[in-house]
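# 3D model of this:
(chains A, B, C and D)
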Number of protein chains: 2
Amino acid sequence: MMARMDEPRWLSDDEQRVWRAFREAVGMLNAHTETQLQRDAGMPQAYYEVLVELSESPDQVMRMSDLAIATGSSRSRLSHAVAKLEAKGWVRREACPTDKRGAFAHLTPAGFDAIKAAAPGHVEAVRAAVFDQLTPDQVRMLGEISETIRAGLTPQCPEVERRLAAEDEDAQADAGDGGDTGRAA
Amino acid sequence: MMARMDEPRWLSDDEQRVWRAFREAVGMLNAHTETQLQRDAGMPQAYYEVLVELSESPDQVMRMSDLAIATGSSRSRLSHAVAKLEAKGWVRREACPTDKRGAFAHLTPAGFDAIKAAAPGHVEAVRAAVFDQLTPDQVRMLGEISETIRAGLTPQCPEVERRLAAEDEDAQADAGDGGDTGRAA
DNA sequence: CAGTCATAGTTGAGCGCTCAACAAAGGGCT
DNA sequence: AGCCCTTTGTTGAGCGCTCAACTATGACTG
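Next comes the predicted model:
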């Protein structure tokens, strides 16, 4: 499947320019905010986002799995991240009484202080690099574009693809079912 | 400067939604293309971009420094990357005769084959995730938005910031000189 | 209830990136 | 020439991420 396509649908010159500009802008923006946070707050952006998510949660507590989903990271990544954050004293782990497999991540007061101290500088950096540069129309468009790309990537992207592949194999075993659509490609 | 701002200019709800959608979309898109390339071509996206840059160069040769600039990476990163690519037999290093500090990175035939094999799948993935999803207007806007953000980040972003800081110190020492312009690319 | 599969979370190895330190060579200036 | 500063490129340590195993618990079914 997909092994051979007679003629790949190459990008036009315009599309290529857009793609390269996009990649470049994203790379620079990411480097910029990453450096800013690392320098001013002593934490990488990924950890910042974990703390943000926790701080906005009802009691500053979340199940590890929910936190992983909320931050768009794998369980593994979150587990490593929380281990580091716990070592810094910013997060505390707690066992879940009703489901003994489960674990809660709990934002500590020190963690709350850390994010409170980090937020203004980070927001300022983001605002200066993005929202101060763009017109309101561009901001709105950026939101729509992002949402569209996100939506297009959601069904078949992460490990779900593997799952679909696995289900495909199963389906081949018991042959005809509705056979859904080929999610194209 | 920037040390204290009485009230941070927080993001509005709309801005926050846009920022989160953007971060999410970028993260997913990046993960998607990264996985695709790693799986189908056995190389990370950063190495792919190195090979692309080399393949588009007159004789498939570039100075390491120029290649670093072209790929938007640090010398260190490129050095590590080329070491790996050389181990794979995709790139060969050559000494520069006129500047004995210098080094050329030379795309090998095997490297050319590798990128030729990788390109269609990668382009298809990018097209499916981005250009097939967006209207022509959105594509155009994405280009403009990217270009704006890139431009806003160019002067003060990478290690230039350090340089500016250093020059600031110098400037304080000898006070006013002509203070040229940013050597606008 | 036993057997089986799914779910929650952790762990360690491997990899790419950053950062700071470094060696080697060029380019001025006196 | 000799000195100093810049530029080029490499190196090794440390860090975060991915991937594949693995443990342990829950949930479902005969």
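# tell me the phi and psi of the one residue sitting closest to the centre of chain A?
With distances taken as CA atoms, centre = their mean, chain A has A:G72 as the residue nearest its mean C-alpha position (3.5 Å). Main-chain torsions, A:G72, degrees, to the nearest 10: phi 70, psi 30.
# That one and A:A128, how far apart?
Counting by CB to CB, to the nearest Å, the gap from A:G72 to A:A128 is 25 Å. Heads up, the C-betas are built off the backbone N, CA and C, glycines and all.
# hmm, back to that, what's near enough to touch the residue nearest to the centre of chain A?
With contact taken as CB atoms under 8 Å, 6 or more residues apart in numbering or on different chains, A:G72 is in contact with B:E24, B:G27, B:M28.
# Just the buried residues of stretch A:85-96, please?
A:L85, A:E86, A:W90, A:V91, A:R92 (16 or more other CB atoms under 10 Å in any protein chain shown).
# State the distance from the nearest residue to A:W90 once chain neighbours are set aside to chain B.
Excluding the flanking residues, the one nearest A:W90 by CB to CB, 6 or more residues apart in numbering or on different chains is A:G111, at 3.3 Å. According to CB to the nearest CB, to the nearest Å, A:G111 stands 19 Å off from chain B.
# confidence score at A:G111?
As predicted, A:G111 sits at a pLDDT of 97.
# quick one, what contacts it?
A:L51, A:L54, A:S55, A:L85, A:G89, A:W90, A:V91.
# Doesn't it lie inside a strand?
No. Counting by DSSP: H, G, I helix; E, B strand; the rest coil, A:G111 is not found in a strand; it is helix.
# Count the neighbours of A:L134 for me.
Using other CB atoms under 10 Å in any protein chain shown, A:L134 has 18 neighbouring residues.
# My error: substitute A:R101 in the last question.
A:R101 has 8 neighbours, counted by other CB under 10 Å.
# Tell me the secondary structure of it, please.
A:R101 - assigned by three-state DSSP - is coil.
# Quick check: the gap between it and A:R63.
A:R101 sits 10 Å away from A:R63, going by CB to CB.
# repeat for A:S79
13 Å.
# A:G152 now?
28 Å.
# OK, contacts around the residue lying closest to A:S57 once chain neighbours are set aside?
Once flanking residues are discounted, A:S57 sits nearest to A:L107: 7.9 Å by CB to CB, 6+ apart. Going by CB under 8 Å, 6+ apart, A:L107 touches A:L51, A:L54, A:S55, A:S57, A:Q60, A:V61, A:W90, A:V91.
# ok, so of those residues, who is nearest B:E7?
For these, the residue nearest B:E7 by CB to CB is A:S55; the value is 19.1 Å.
# State the number of residues packed around that closest one.
Per other CB under 10 Å, the neighbour tally for A:S55 reads 15.
# okay but it is in contact with A:F112, surely?
Yes. Using CB atoms under 8 Å, A:S55 is in contact with A:F112, at 6.2 Å.
# picking up where we left off before, which ones among the buried residues of stretch A:85-96 map onto helices?
Secondary structure of the buried residues of stretch A:85-96 is defined by DSSP state H; positions in helices are A:L85, A:E86.
# Make JSON lines from the buried residues of stretch A:85-96 and add distance to B:A118 and pLDDT to it.
Below are the buried residues of stretch A:85-96 laid out as JSON lines (distance: CB to CB, whole Å; pLDDT from 0 to 100):
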{"residue": "A:L85", "distance to B:A118": "37", "pLDDT": "98"}
{"residue": "A:E86", "distance to B:A118": "40", "pLDDT": "97"}
{"residue": "A:W90", "distance to B:A118": "41", "pLDDT": "98"}
{"residue": "A:V91", "distance to B:A118": "40", "pLDDT": "98"}
{"residue": "A:R92", "distance to B:A118": "45", "pLDDT": "97"}
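# Fine, thanks again, bye for now.
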